[in-house]
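**Q** I would like to see how this sequence folds:
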Amino acid sequence: MKCSISSCLSGLALLLFATVVHSKNITSSTCDALQSLTDTVLFPQSQQYDAAVSSYPFIQLRLTPTCIFRPRNAQDVSAAVKLLKKSRKTKFAVKGGGHNANAGFNNIEDGVTIDMGNIKAVNITDGVVKVGAGAVWQDVYDAIEPHNLTVLGGRVGVVGVAGFTTGGMLF
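**A** Numbering: from 1, shown residues only. Okay, here's the model as predicted:
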């Protein structure tokens, strides 16, 4: 089939628009499914969503995900991963502390950001420190100091434990 440059470009533009709309619909459906599981899903135009996006220390990290999911426990994380796997098309990122300055590492444009900030407990039992995926190193240092314990961790308290211990997701 032959087409003029303008009609071919118009057709290509329409195809790209349809693909973007389809992708956004899938992501929106995933966000709706997450919301049916828990009340910890944030959407644009809410104060909590805006505060979450603004909380990133570097401007290039302040992306606009379709929704932000804040799991409260491991079961919520498991349910989210199952939904994301089922959708197969939804982009997502995981935020531990959120200090990595590379866009897309801990936030995502037009996808789901899983913000682990609600899972940041630091528990100490028999000298063993268990740290939640949303903790930053200052949370750990504050918890272990009264027990006269030490850990090998980040030099700066705002650095996230999860990203630091996994090498910033470079593996």
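
**Q** surely I119 meets A133?
**A** Yes: using Cβ atoms under 8 Å, I119 is in contact with A133, at 5.2 Å. Where you see a C-beta, it was placed from the backbone N, CA and C, and this is true even at glycine.

**Q** shared neighbours of the two, anything?
**A** Here I119 and A133 have V77 as joint contacts, going by Cβ atoms under 8 Å, 6 or more residues apart in numbering.

**Q** following the helix or strand of the chain with the lowest mean pLDDT, which helix or strand comes up?
**A** Least confident element among the helices and strands of the chain, by mean pLDDT, DSSP states H and E: helix 5-37 (a mean of 58). Next helix or strand after helix 5-37 toward the C-terminus (DSSP states H and E): strand 41-42.

**Q** What are the contacting residues of that following strand?
**A** Applying Cβ under 8 Å, 6+ apart, the external contacts of strand 41-42 come out as 31, 34-35, 48-49, 52, 67-70.

**Q** what do you get for stretch 68-88?
**A** Stretch 68-88 is contacted from outside by 26-27, 29-31, 33-34, 37-38, 40-42, 49, 52-53, 90, 92, 112-119, 133, using Cβ under 8 Å, 6+ apart.

**Q** for this structure, what spans make up the strands?
**A** 41-42, 67-69, 92-95, 112-115, 122-125, 128-131 (DSSP state E).

**Q** Can you add mean neighbour count and give those strands back as a markdown table?
**A** Putting those into a markdown table (neighbours: other Cβ atoms under 10 Å) gives the following:
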| stretch | mean neighbour count |
| --- | --- |
| strand 41-42 | 20 |
| strand 67-69 | 24 |
| strand 92-95 | 22 |
| strand 112-115 | 25 |
| strand 122-125 | 12 |
| strand 128-131 | 14 |
